[in-house]
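Chemist: Okay, sequence plus prediction incoming.
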Amino acid sequence: MTTRILLFTVLILLSARVICQKTDLLLPSPMDREQIIHHKGYSMSYNSSYVQPSWVAYKVTKSQINKDEKVKTKFIKDPEIHTRSGSVKDYKEGGYIMAQFVNYKDVKQIQGAVPETFYMSNITPMKQVFYNQIWLKTEEMIRLWSNETDGLYVVCGPILAEAPFPTIGENNISVPNRFYKVVYDLKNQKAVGFIFKNGTSSGKLKSFAMSVDEVEQRTGIDLFSGLEDVIEKMVEAKYDPAQWNWEVIE
């Protein structure tokens with residue numbers, strides 16, 4: 001009887017893992033009381049208390065970006081979320097812009113993925129100057145890095161461990177103090193992490209870089225839990241700035 005119960009438990013756990021991993025992305029560990037959502041171009045762990053995802057995971061691959069191509073920007077509620085959600089009205093007088101965690105440019109090669117980047121679950125309050133001078137530049141640098149390898153796994157989000165936060169709008173959207181981003185190069189077995197303060201307007205991107213372990217300590221999230229333990233320990237602990245091409249953007 002004990003053996004049957006143990007076998008049944010294992011099968012349940014394996015089934016739960018399959019359900020959770022409905023994606024080919026490299027996902028962080030599940031978070032307590034949060035909803036895991038899988039879209040065509042990204043996955044996320046949504047925290048309704050902060051009206052923010054704890055993490056958003058996606059993959060950046062080589063792609064030809066047409067900078068002159070027009071994209072329809074229609075911000076709507078994520079149909080997968082049935083708890084508290086942000087709205088465009090929340091940003092009217094908050095002093096923050098509606099910034100995407102996953103930029104539509106990084107998923108344009110995936111059919112149907114672009115409109116999903118304009119779901120409100122993928123939007124966060126950022127200061128305009130920070131978004132323009134730091135966040136967008138980091139995204140562009142990662143795209144350029146992806147041209148040198150077979151694609152990069154990226155996880156980003158707000159550091160919710162620093163709560164409480166100020167809020168904006170009727171839906172009380174939390175305004176994070178800091179954001180993080182981690183990048184993993186499977187082909188070359190290397191990783192790098194970043195932490196940025198919301199409002200930072202200057203500084204070399206290299207100056208914000210650190211090991212993934214350091215980012216995990218600040219966020220409390222196991223960011224590449226899908227890796228084998230030996231590989232995870234190796235790539236997350238080591239950060240060598242010489243392994244990354246910082247001159248592609250600066």
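Modeler: Arrived safely, thanks for sending. Numbering: from 1, shown residues only.
Chemist: Count the residues that sit near Glu34.
Modeler: Applying other CB atoms under 10 Å, we find 18 residues neighbouring Glu34. Heads up, the C-betas are built off the backbone N, CA and C, glycines and all.
Chemist: need the contact list for it.
Modeler: Glu34 sits next to Ser45, Tyr46, Asn47, Ser48, Ser54 when contact means CB atoms under 8 Å, 6 or more residues apart in numbering.
Chemist: quick one: the first one is in a helix?
Modeler: To tie it back to what came earlier, the one meant is Ser45. No - read with DSSP: H, G, I helix; E, B strand; the rest coil, Ser45 is strand and lies in no helix.
Chemist: which among the contacts of Glu34 gets closest to Glu170?
Modeler: Here the nearest of these to Glu170, counting by CB to CB, is Ser48; it sits at 14.9 Å.
Chemist: Spatially nearest residue to Lys72, not counting backbone neighbours?
Modeler: The shortest distance from Lys72 to any non-neighbouring residue, by CB to CB, 6 or more residues apart in numbering, is to Pro115 (7.8 Å).
Chemist: rewinding a little: PyMOL command for the buried members of the contacts of Glu34?
Modeler: In PyMOL, this line selects whichever of these come out buried by 16 or more other CB atoms under 10 Å:
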select buried, resi 45+46+47+54
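Chemist: quick one: which of the contacts of Glu34 is nearest His82?
Modeler: Ser48 (9.3 Å).
Chemist: before we move on, back to that, against Asn103, how distant is the residue nearest to Lys72?
Modeler: Distance of Pro115 to Asn103, given as CB to CB, to the nearest Å: 13 Å.
Chemist: So which of these two has more stuff around it?
Modeler: The neighbour count for Pro115 versus Asn103, taken as other CB under 10 Å, is higher for Asn103 (19 against 16).
Chemist: and that one, what pLDDT?
Modeler: On pLDDT, Asn103 comes in at 96.
Chemist: Could I get the contacting residues of Gln128?
Modeler: Tyr96, Ile97.
Chemist: An error on my part: the question was meant for Ile76.
Modeler: Per CB under 8 Å, 6+ apart, neighbours of Ile76: Phe118, Tyr119, Met120.
Chemist: For the first one, what are phi and psi?
Modeler: Just to be clear, that refers to Phe118. Per-residue torsions, Phe118: phi -100, psi 10 (degrees, to the nearest 10).
Chemist: do the same with the last one
Modeler: Here the main-chain torsion angles of Met120 (degrees, to the nearest 10) amount to phi -60, psi -20.
Chemist: confidence score at it?
Modeler: Met120 is assigned 98 on the pLDDT scale.
Chemist: what's the burial count for it?
Modeler: Neighbours of Met120 (other CB under 10 Å): 21.
Chemist: Leaving out sequence neighbours, find the closest residue to it.
Modeler: Gly86 is the one closest to Met120 (CB to CB, 6+ apart), at 4.5 Å.
Chemist: And the next helix or strand past the worst-scoring helix or strand of the chain on mean pLDDT?
Modeler: The weakest-scoring helix or strand in the chain, judged by mean pLDDT, DSSP states H and E, is helix 2-20 (a mean of 38). Moving toward the C-terminus from helix 2-20, the next helix or strand (DSSP states H and E) is strand 35-38.
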